[in-house]
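Q: Structure for this input, please:
(2 chains)
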Amino acid sequence: MAGGSILRKIKKIKICGVIVSPSYAPGGGLTGQNGAAQMLSWQHYLMPGNLEEALRLLDRFSGQHRIVAGATDLLPQAREGGKGDTHFQALVDISRIPELAGVSLREGRLTVGANTTIADCLRNPMLLSHAPVLAQCAAWFGDDAIREVATLAGNLVNASPAADGTTALLALDAQVTLERLENGNRVKRELSLREFVTGPRKTRIREGEILTAIAFDALEKYGSAFEKVGQRRALLLSTVCLAALAGINSRKSHFVDVRLALGGIGPTPVRLTECEHFLNGRPANFQTIREAVGLLQDVVRSRTRREYRREVVRGFVERALTNALAGCGVTGPPWGIQAGAKEMTQGGVA
Amino acid sequence: MKALKILFTLNGREVETEVGPGTRLLELIRDAHGLTGAKDGCGAGECGACTVLVNGATLKSCLMPAPKVQGAEVTTIEGLVDTNEFQVLARAFQQSGASQCGYCIPGIVVSAIALLRRRPEATREEIAAALSGNICRCTGYWKILDGVELSRDVLSGRLGEEALGSPPGDNSVVGPFVGANVPRVDGLRKIAGNTKYAADLTLPGMHHVKVLRSPVAHARIAELDVSRAEAMEGVSAVVTHLDVPGIDGYGLIVQDQPVLAPGRVRFVGEGIAAVAAETPEIARRAIDAIQLRLEELPAVFDAEQALGEGAPLLHESYPGNVVKRVKVRKGDLERGFAASDLTVEGRYTTQCVEHVYLEPEAALAYFDEERVLTIVSPSQNISQHRWVIAKIMGLPTHRVRMIMSPMGGGFGGKEDMGYQAILALAVFKANRPLKLVYSREESFLATPKRHPAMLELKTGLKNDGSITACRIRIVLDGGAYGTATGGVVSKGGFLAAGPYAIENVQVDSVAAFTNNTPSGAMRTYGGLQVHFGMESHLDVCAAKLGMDPIALRRRNAMEQSAETHTGQRLERVSIQHILDTVEKAARWHPGPPNRNGGNRPDLKGPGVRGHNTLDVNLGRRRASDGNTAPGGLKRGRGVAAGWYGIALTGIQDRSGAWVELEDGGTAKVVAGASQTGEGVENVFVQIAADELGILPEDIVLSPNDTAIIPEKSHAGGSRQTYVVGGAVVQACREARAKLEEFLAGHWAVDRSLIRFARREVRVVDRRLSMSVAKAVELAKRNGVVPIGSGSYVSVGTPADPETGQGEPWQAYVFGAQIAEVEVDTVTGEVQVLGLWACHDIGRVVNPKAAAAQIEGAVSMAVGQALMEDYRLVEGRALTPNMTKYIVPTTLDVPQVNSILLENPDPKHPIGVRNIGEPAMLQTVPAIINAIFDAVGVRVTSLPATPEKVLMAIKNATPA
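A: Numbers count the residues shown, from 1 in each chain, chains lettered A, B, ... in the order given. Presented below is the predicted three-dimensional model:
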């Protein structure tokens, strides 16, 4: 267990490890003027004014650039404990490209530009009304200053296994638009988010491509909830996060379209498809949710804290769905008697 | 690489600047524009000390590539100070006591102003959420939130300006000042970002120093060749252990740590060589040019293994890797156990903890006009650092001058030194001013931590709860060097059995050398670990006996004239009264621990903050009372008591001071005030104002500079108010006595009838009076100079090596705390919502500052109880920065309800004691006991992470 003494076997005498600096010298010489890290450097900092120009810059600095939007992950990653010294020939800052801004609604789908920030999720009236799960996710994302500049697209492209934004967008059946230049012509392609993120820090974005827009379902009448746990209440990385959406029929009697996306439990966020299938068409009540939780497949593939994550997933699905149902106007048994309910169900399952 | 020219607006003025490759906005404003209000606390967007406004939005300037501000409007704290919002907020912060060390405060002010502009009616919960990215390690946030709320109300007109208290310069308050909430004398300049910390200073022609550090935990240095680094252009010095002219070694109690490793490294991060060069970049490249070959040696990372057979030996002069052993023997243990109805055994462990003062280490070194080696650094211990550096440099002590720069938090971590000695070596070689600044990572890597501890307790109890015997075994991990460990072993050992009258006690406290980061001084100096053990254990005992935990403590608590475990007879013991007081304040409902699920009637009462949850409709955090929040939230309460010895352990702890009443009736106080942010400046100024009958604003405190101050400047052992404060009292009295004698002659009255107050001297029941200014003038004209010197000694006696018997401290502080927590049974998360703290701290100098010390201590203890963990695997940190090493934010701290009991210290001239450390002893076990009460699981190894708590709950539930 963490804390206390870390028991280690005493190593046998080993007089072979030859370490020659500068291969690894933690801390030493790693600081810059006035304590600042000088670990990220660039040759050119470029702020294209339109998408066409940005794409041309990517072509010009092919293989030697990095795209920058909010830049909240860029500098921390280039420190000790991350990647250490990092140099780019060019940083291409897309944050001022007008084509990448804006939120629009068409045929039941919302489309947001790549520069849509996490703070926008808490402020934009259309996002608040049609995708409140993004606001629920954003409320626990970083802190005020991070939310101000960090973008949803950046969250997708960084592809952290525990990315809150990716998890919420996965529940919304999001799709990304990627653009690049091919023989001087702009080429667009679209990928579902499920296809786009392939592993920890891995996506299908190609050299020279910019993620320009994210489209996702506008689910105005759905109830939603976002659950997240880390080590504290602000500025925290998720150990597990869950986005839950509940669509029910007009009589409020049955689940019609349930979406559950889970982050922090493996290489990428995943949808709990089997659980969703089980719920769809069944009575929209607490009992159904309990049954679904009882049937949950183990999806936790993390190498650490597996047992813990499994426990949390069960609790999160139960609580998030109950809250999402409450968002549709269906209230379950009051949570105050949950302890009793739990004992009852445990008896039933055993 | 070419510089890029950018144009932007900085604090309302258009500027055009060239930015080099890799420049962040933080460097641009600090280095190119000299605006040092924004600080570099972590470099990774985790602390908020660098917060600025860009186009009106709060942003972390350490995360922002400088070219990003092209065409934007950037506002720093310096650009806000003239606004009405700032003027109100600064006074509100002074009124609430929001600023302590001041390092985080400019960033917090920027965030708060941005919030109030955006949402003038922000609720307290919104304020807390908006400031949750600004880490403060001193205050516990509560007074900051109070200050923002107060400014909101004044700015919106809901409250009048008078709510902000008297404006600066207002003289209507005339004393007495001891016992009054005199606003922080250093407050306004810190709030405005004007205070210059060491990293903010530059000297003409200075070079920059970088250190080469060991990547492995234990190795022989087979080769170290610095010739290529020395030959590089721009390099002014390369130093290794070969450059030590005197006796190598530094440390707090033993000086066993070499400045730079001579032939062998013993922990990851140990310094091996250092380079001074024209720019930090050249210094870095020169470090890379050093040829180093290490041959790894067998290492040991566990204290108990290090004490066992066959473990690798860290230091030849310490057989068995034993740093120090302390024994306490009282009564007859076996007879005590034989007389018991019940014995209870338990094992408890605490983790390695980092101080995380917001200011990473930084220093300048140069030769002053007398060519005295001078080092400016945030040192908590300049008197000791001075003689240690003199010894290392082979210099007479007076050829070394240590100046304490304003300190961005210390918590014991800056009692230890290291980088100052590296600078001393290098400055002789470079022969020009040098500067060294640690990054947050380097600060974590290279500096001492809190000792991890293993505690085994066995108690014998009667069925009525009385403890008949107590045996405690303590094993501490001292890390690779001795430094403060000997003191921590002793203090922990003497305090381990708690403030209880137990006839038969046996304590064995031992610390081992390991290849972990050295352990050093940290707030409570071993006290926190042993209190976690004893106070958790008593809760287990109470549960076994079916007894109320306060009743159990009351049954055993020391009475007046009790004899301690080391045989010391205490004149005044207030623990019984404290238990009664805190019980009443918290409306504690008696009963055995583990009401399991919050079925106790005292929960959710006054004194408890709201539960952090999310407003689903607004997508915004809000607070509720927990009743409506869904999902398995269970509350519980826990209690813990404790005691603490004031001043250094087992020795004569002494300090001196000088005071002069000057022309015009003002005064200067010359004393070693190691201002770590706790507000000791106020203590000395308030004391002197009362003693000299003048006002706080009439007093100037000397810089903390060994060229000026007498011994001993040292912030440790909660000694400053008590020991240095005692010296200030005596010096004031001597200066005043000279005036009194003169005036007695002048007026032909008895000296005892002369009184000083309100800038006036008068004679009791007579119409004789004059201003202090006039009195000084008259005295001087008659050849009397009103200067005084004073000293104060707190007496401790060394312990008997076999029995521990002795009188380690002359003053003790007693206290007790109650915590109310809420456990989320879905995630295992614990929120501490309310805390009641009652401490007997003697006469209170400044009630608000004392309460602030309690709030800050509680916040730090919440971190240790629930989240902080400096995890080392084979000596390497898994939590090397503030992204991984988690400390509490505004959303993680409880409402703290402080009760200060004033029971004047009988041995001190004005009856004060201290609170900085004692306030932290009870919080951790109170929280852990409350978790047990809430969900019935006992966490015995810190921290109680969500994972640990949830898995314990699941494992405890019968399948």
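Q: Just list the residues touching the nearest residue to B:E868 once chain neighbours are set aside, thanks.
A: Distances taken as Cβ to Cβ, 6 or more residues apart in numbering or on different chains place B:V353 nearest to B:E868, at 5.3 Å, with adjacent residues excluded. All C-beta atoms are positioned from the backbone trio N, CA, C, and that covers glycine. Residues near B:V353 by Cβ atoms under 8 Å, 6 or more residues apart in numbering or on different chains: B:K449, B:R450, B:M522, B:G863, B:Q864, B:E868, B:D869, B:Y870.
Q: hey, where'd the strands end up in the stretch 101-250 of chain B?
A: Using DSSP state E, counting those that start in this stretch, the strands found in the stretch 101-250 of chain B span residues B:207-213, B:219-225, B:235-239.
Q: I'd like to know which of those strands is closest to chain A.
A: Minimum separation from chain A across these (Cβ to the nearest Cβ) falls at strand B:207-213, 3.8 Å.
Q: Would you pull up how far that closest one lies from the middle of the chain?
A: Distance of strand B:207-213 from the chain centroid (Cα atoms, centre = their mean, to the nearest Å) equals 27 Å.
Q: next one: stretch B:503-521
A: On Cα atoms, centre = their mean, the centre of stretch B:503-521 falls 21 Å from that of its chain.
Q: With distance to chain A, mean pLDDT and mean neighbour count as extra columns, can I get the strands of the stretch 101-250 of chain B in a markdown table?
A: Below are the strands of the stretch 101-250 of chain B laid out as a markdown table (distance: least, Cβ to the nearest Cβ, whole Å; pLDDT from 0 to 100; neighbours: other Cβ atoms under 10 Å in any protein chain shown):
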| stretch | distance to chain A | mean pLDDT | mean neighbour count |
| --- | --- | --- | --- |
| strand B:207-213 | 4 | 97 | 28 |
| strand B:219-225 | 7 | 97 | 17 |
| strand B:235-239 | 12 | 98 | 24 |
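Q: Same list, the ones you listed, but as a markdown table with distance to B:E741 please.
A: Conversion of the strands of the stretch 101-250 of chain B to a markdown table gives the following (distance: least, Cβ to Cβ, whole Å):
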| stretch | distance to B:E741 |
| --- | --- |
| strand B:207-213 | 53 |
| strand B:219-225 | 65 |
| strand B:235-239 | 55 |
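Q: one step back: ranking the contacts of B:V353 by neighbours, who comes first?
A: B:R450 (30 neighbours; other Cβ atoms under 10 Å in any protein chain shown).
Q: For B:D698, give me the backbone phi and psi.
A: Note on B:D698: its backbone torsions stand at phi -80, psi 0 [degrees, to the nearest 10].
Q: ok, the nearest residue to it once chain neighbours are set aside - contacts?
A: Once flanking residues are discounted, B:D698 sits nearest to B:T666: 4.5 Å by Cβ to Cβ, 6+ apart. Listed by Cβ under 8 Å, 6+ apart, the contact set of B:T666 reads B:I694, B:D698, B:I699, B:V700.
Q: Which among the strands of the stretch 101-250 of chain B is found nearest to B:G677?
A: For those, proximity to B:G677 was assessed by Cβ to Cβ; strand B:207-213 is nearest, at 25.6 Å.
Q: Partner strands of the closest one, with direction?
A: With DSSP bridges as the criterion, the sheet partners recorded for strand B:207-213 are strand B:271-277 (antiparallel), strand B:434-437 (parallel).
Q: what's the most buried one of the ones you listed?
A: strand B:271-277 (a mean of 29; mean count of other Cβ atoms under 10 Å in any protein chain shown).
Q: after that one comes which helix or strand?
A: helix B:280-289 (DSSP states H and E).
Q: now the angle from that next one to strand B:207-213?
A: Here helix B:280-289 points in a direction 30 degrees away from that of strand B:207-213 (axes from the mean of the first three to the mean of the last three Cα atoms, to 10 degrees).
Q: all strands of the stretch 251-350 of chain A, in order?
A: Counting by DSSP E, counting those that start in this stretch, the strands of the stretch 251-350 of chain A are A:255-263, A:270-271.
Q: Which members of the contacts of B:T666 are classed as buried?
A: The neighbour-count criterion (16 or more other Cβ atoms under 10 Å in any protein chain shown) marks B:I694, B:D698, B:I699 among the contacts of B:T666 as buried.
Q: hey, which helix or strand in the chain has the poorest pLDDT?
A: This is for chain A. helix A:338-349 (a mean of 30; mean pLDDT, DSSP states H and E).
Q: actually chain B
A: For chain B, counting by mean pLDDT, DSSP H and E, that's strand B:620-624 with a mean of 38.
Q: follow-up on the earlier one: per-residue confidence for the residue nearest to B:E868?
A: Looking at B:V353, its pLDDT reads 98.
Q: Check the gap between it and chain A for me.
A: Distance from B:V353 to chain A, counting by Cβ to the nearest Cβ, to the nearest Å: 10 Å.
Q: before we move on, what about B:G102?
A: Using Cβ to the nearest Cβ, we find B:G102 at a distance of 17 Å from chain A.
Q: Tell me the residues of the stretch 151-300 of chain A that contact chain B?
A: Contact residues (Cβ under 8 Å from any Cβ of the partner chain) of the stretch 151-300 of chain A with chain B: A:224-227, A:229, A:231-237, A:239.
Q: Can you give me the neighbour number for the residue in the stretch 1-150 of chain B that chain A sits nearest to?
A: Chain A sits closest to B:G133 of the stretch 1-150 of chain B, with a gap of 2.7 Å, by Cβ to the nearest Cβ. Using other Cβ under 10 Å, B:G133 has 25 other residues around it.
Q: Please verify my assumption that it contacts A:G142.
A: Yes: if you go by Cβ atoms under 8 Å, B:G133 and A:G142 touch, sitting 7.1 Å apart.
Q: Now flag whichever of the buried ones among the contacts of B:T666 is closest to B:V749.
A: Of all the buried ones among the contacts of B:T666, B:I694 has the smallest distance to B:V749: 21.1 Å, by Cβ to Cβ.
Q: pretty sure the closest one contacts B:G665?
A: Yes: here B:I694 lies in contact with B:G665, judged by Cβ under 8 Å, at a distance of 6.2 Å.
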